[in-house]
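Chemist: I would like the atomic coordinates for the input below:
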Amino acid sequence: MPRRTKIVATIGPASSSPEVLERMILAGMDVARLNFSHGTEQDHQNRIEMIRSIAKKLGRTVGILGDLQGPKIRVGKFRDSRIVLKAGDRFILDADCALGDQERVGLDYKELPRDVSSGDALLLDDGKIELRVDHVTGNQVHTTVIQGGPLSNNKGINRRGGGLTAPALTEKDMEDIKLAARLRVDYLAVSFPRSGADVQWARDLMVKAGGHAQIQSKIERAEAIDALEDIIAASDSIMVARGDLAVEVGDAAVPAMQKRMIRLAREMNKTVITATQMMESMISSPVPTRAEVSDVANAVLDGSDAVMLSAESAAGQFPVEAIAAMARVCTEAEKQDTQTFVERQDLDRIERVEKAVARAVIHTTRHLEVKAIAALTQSGTTALLMSRADVNVPIYAMTPVEETQRKVTLFRGVYPVDFQHGMEPAEVMAQAEAQLLQLGAVKKGDLILLTIGEPIGKPGGTNTMKIIRIGERN
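Modeler: Numbering: from 1, shown residues only. This next block holds a predicted model:
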């Protein structure tokens with residue numbers, strides 16, 4: 001049984017050479033994340049071409065996730081690059097300040113003075129520093145330091161409880177969406193959406209730019225929790241982005257929110273990535289901590305489609321080892337019985353033919369000893385629906401469509417197969433059997449389920465399930 005939970009790895013300085021990328025793919029990277037906060041257009045293009053070239057050489061399919069920077073609200077720069085704040089200090093966030101000092105610092109988000117009021121808690125540098133707003137005068141936010149520490153250039157600002165009004169897409173993001181369309185990324189991650197309308201805004205811009213990327217929403221604002229179902233409904237995928245979210249809602253609230261987000265995404269037939277500090281110690285250590293192992297395992301047991309590495313693979317000393325460690329943990333966690341997801345779905349709501357076929361497949365796998373599911377597909381929709389139940393049977397998305405092959409790299413328990421089939425049903429069945437045998441997925445005498453849209457070649461969704469014993473066709 002191949003590993004079902006997928007691994008997303010961020011590409012950066014530590015992972016941009018052909019040699020390292022090849023080892024990362026062999027270690028288990030399914031999707032490569034490109035962070036549009038860093039790098040030039042040429043950098044991103046070079047990396048995508050390299051990843052796809054190496055994957056093709058290895059006979060693998062690797063998806064590409066482009067991650068928009070979003071409205072990251074930051075302090076400006078300091079004259080001496082860094083200061084140290086102490087509890088009780090007075091400190092001013094000044095939208096008009098050019099270079100900061102011990103008493104004040106500038107803002108890249110000039111609207112901050114309009115978004116805060118007396119008594120608000122502002123959290124800097126991922127919550128390491130806490131400021132209490134005393135009063136606002138013009139473009140200046142006067143604060144008292146509650147929790148001090150070192151503060152350097154361009155560190156982020158969050159307001160506890162959320163409420164900052166920066167739009168979900170900046171001018172840079174809009175240009176990066178055009179870039180993502182030109183580079184044919186498979187997934188586009190939208191940072192800090194507050195509503196389904198924010199997600200639709202990004203989707204409209206992607207379509208206008210001629211792109212076909214799946215839209216993924218990063219849940220990292222307090223407001224996003226209140227609009228969670230609306231955001232998931234507007235998205236193809238979500239990311240449980242625990243960094244900024246923990247700063248805004250409090251770290252203790254995040255684990256329960258993570259479970260809720262994963263459950264809702266699966267119920268609404270969307271994919272979900274769990275991210276942030278999953279193997280953080282492996283930036284400088286060749287082995288993870290026991291707590292990190294438990295964190296990854298619990299994300300798998302919760303039903304995540306994928307788990308993600310950030311700095312561990314982008315800038316760490318052990319990018320390949322981090323992927324290999326994550327793969328080991330996922331594989332071990334998957335040995336537990338996780339077939340509870342189908343029970344969470346409303347089995348009476350079958351409004352589409354593809355869903356009816358998917359449910360029939362799920363039901364059959366519970367009663368027959370099925371070794372593999374062959375989903376002959378153009379869009380990947382039926383494979384996605386089947387993957388929501390986590391049936392413990394590998395699902396092979398057999399498709400001639402390259403974009404679909406790359407899209408399903410994020411689906412839990414689904415594996416892309418380049419399938420260039422004929423038009424006659426008997427020929428298609430024989431080809432599917434032969435390809436599964438060639439992959440080593442089945443052997444003669446094994447039982448498989450095959451889903452297909454008939455008549456073959458006619459536009460439309462999957463409408464047929466067949467039960468086939470390998471080697472017994474006339």
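Chemist: quick one, helices of the stretch 251-400 of the chain?
Modeler: 254-267, 290-302, 311-314, 319-333, 341-344, 353-365, 381-387 (DSSP state H, counting those that start in this stretch).
Chemist: Take these and write them to JSON lines, including mean pLDDT, mean neighbour count and distance to residue 449.
Modeler: Yep, even glycine has a C-beta here, placed from its N, CA and C like the rest. Listed next are those as JSON lines, based on pLDDT from 0 to 100; neighbours: other Cβ atoms under 10 Å; distance: least, Cβ to Cβ, whole Å:
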{"stretch": "helix 254-267", "mean pLDDT": "96", "mean neighbour count": "18", "distance to residue 449": "21"}
{"stretch": "helix 290-302", "mean pLDDT": "97", "mean neighbour count": "19", "distance to residue 449": "24"}
{"stretch": "helix 311-314", "mean pLDDT": "97", "mean neighbour count": "26", "distance to residue 449": "36"}
{"stretch": "helix 319-333", "mean pLDDT": "98", "mean neighbour count": "22", "distance to residue 449": "24"}
{"stretch": "helix 341-344", "mean pLDDT": "46", "mean neighbour count": "14", "distance to residue 449": "16"}
{"stretch": "helix 353-365", "mean pLDDT": "90", "mean neighbour count": "20", "distance to residue 449": "5"}
{"stretch": "helix 381-387", "mean pLDDT": "93", "mean neighbour count": "26", "distance to residue 449": "9"}
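Chemist: tell me the domain ranges of the protein?
Modeler: Segmentation of the chain into domains, based on automatic domain parsing, reads 6-70+168-333, 82-159, 341-469.
Chemist: Now do the buried residues in stretch 177-190.
Modeler: Under the neighbour-count criterion of 16 or more other Cβ atoms under 10 Å, stretch 177-190 has 177-181, 183-190 buried.
Chemist: Tell me if I am right that residue 408 is in a strand.
Modeler: No. Assessed with DSSP: H, G, I helix; E, B strand; the rest coil, residue 408 is helix; it does not lie in a strand.
Chemist: Count the neighbours of it for me.
Modeler: The number of residues packed near residue 408 is 28, by other Cβ atoms under 10 Å.
Chemist: can I assume it is in contact with residue 402?
Modeler: No. Look at residue 408 against residue 402 with Cβ atoms under 8 Å: they stay out of range, at 11.4 Å.
Chemist: remind me which residues of the stretch 351-474 of the chain are low pLDDT?
Modeler: Judged against pLDDT under 70, the low-scoring parts of the stretch 351-474 of the chain cover residues 422-423, 457-460, 473-474.
Chemist: where along it do the strands fall?
Modeler: 370-376, 395-399, 414-418, 447-452, 464-469 (DSSP state E, counting those that start in this stretch).
Chemist: To residue 8, which of these lies closest?
Modeler: strand 414-418 (14.8 Å; Cβ to Cβ).
Chemist: as a whole number, average confidence for the longest helix seen in the chain?
Modeler: Counting residues, the longest helix found in the chain (DSSP state H) is helix 41-58. Across helix 41-58, pLDDT averages out at 97.
Chemist: Report how many residues lie close to the nearest residue to residue 138 once chain neighbours are set aside.
Modeler: Residue nearest to residue 138 in three dimensions, not counting chain neighbours: residue 113, with 7.1 Å by Cβ to Cβ, 6 or more residues apart in numbering. For residue 113, the count of nearby residues is 21 (other Cβ under 10 Å).
Chemist: Tell me the confidence at residue 113?
Modeler: pLDDT, read off for residue 113, is 96.
Chemist: sorry, back to before: mind checking which of the strands of the stretch 351-474 of the chain is nearest residue 106?
Modeler: strand 414-418 (47.9 Å).
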